[in-house]
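Visitor: coordinates only, no sequence provided:
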């Protein structure tokens, strides 16, 4: 079974600084998607960034970028120029691209990010 | 523009008293999901619908049922809530099984069992 591990339960960063959240995963599949979702306090979870495993280029979305290391099964999220609105729980998630479980997101336990002014 | 709406946002029920949580979507997506999220834990998938086809996760207790009367609405029924069922319940949608796999989440319903 696929597993997703986020080893940092909590992280903090100063406003305008850069922070990196770690994620590792375990799978025997070669074709899959990886995601970072953000869940602000009392608000809905939203997609931050998505990476397709067959793409070697790391995904970027404005201040958010990933470091995808397929061989190491590592998928970290870098937030540059951190803003107060980035404070949230961040979940790393995995989804197969084919097969019987391709509907399913497997989440890590989350990293709670605090942004200090 | 609300896309996935959950009502109510907060629900209090008594031990053993049936409760229904509601989810609606304006995205016209084929797939709707129900997750249970306990404090400081990852969301856990309970079941999902592809159109009208219901798919239960193997470890979802029988106490949890779901209905999807049409594309827009999906309900989560907890037949006899126990204290261990207190959690945030998240509804999500996705366009299809293929494609980008992005799921769109509602704000959740926080269930308290007294």
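Guide: Okay, I see it. Computed from a predicted structure; not experimentally measured.
Visitor: what parts of chain B come near chain A?
Guide: B:4, B:31, B:40-43, B:45, B:48, B:50, B:55, B:90, B:92, B:94, B:97-98, B:100-103, B:105-108 (C-beta under 8 Å from any C-beta of the partner chain). Where C-beta positions appear, they are placed from N, C-alpha and C, glycine not excepted.
Visitor: and the spatially most central residue of chain A, what does it touch?
Guide: Chain A has residue A:36 as the residue nearest its centroid, 3.0 Å off, counting by C-alpha atoms, centre = their mean. Counting by C-beta atoms under 8 Å, 6 or more residues apart in numbering or on different chains, residue A:36 touches A:21, A:23, A:47-49, A:64, A:66, A:75, A:77, A:90-93.
Visitor: in ChimeraX, how would I select just the buried ones from the residues of chain B next to chain A?
Guide: Selection of buried members from these for ChimeraX, criterion 16 or more other C-beta atoms under 10 Å in any protein chain shown:
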select /B:4,31,42,43,45,48,90,92,94,97,101,102,103,105,106,107,108
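Visitor: just to revisit the earlier point, next structured bit after the one helix or strand the residue nearest to the centre of chain A maps to?
Guide: For residue A:36, the host element (DSSP states H and E) is strand A:32-39. Once the chain leaves strand A:32-39, the next helix or strand it forms, by DSSP H and E, is strand A:46-52.
Visitor: for the helix or strand just after that following strand, which helices and strands make contact with it?
Guide: Once strand A:46-52 ends, the next helix or strand along the chain (criterion: DSSP H and E) is strand A:60-61. Strand A:60-61 is packed against strand A:46-52, with contacts defined by 3 or more C-beta pairs under 8 Å, 6 or more residues apart in numbering or on different chains; DSSP states H and E.
Visitor: quick one: contacts for residue A:31?
Guide: For residue A:31, counting by C-beta under 8 Å, 6+ apart, the contacting residues are A:53, A:54, A:96, A:97, A:98.
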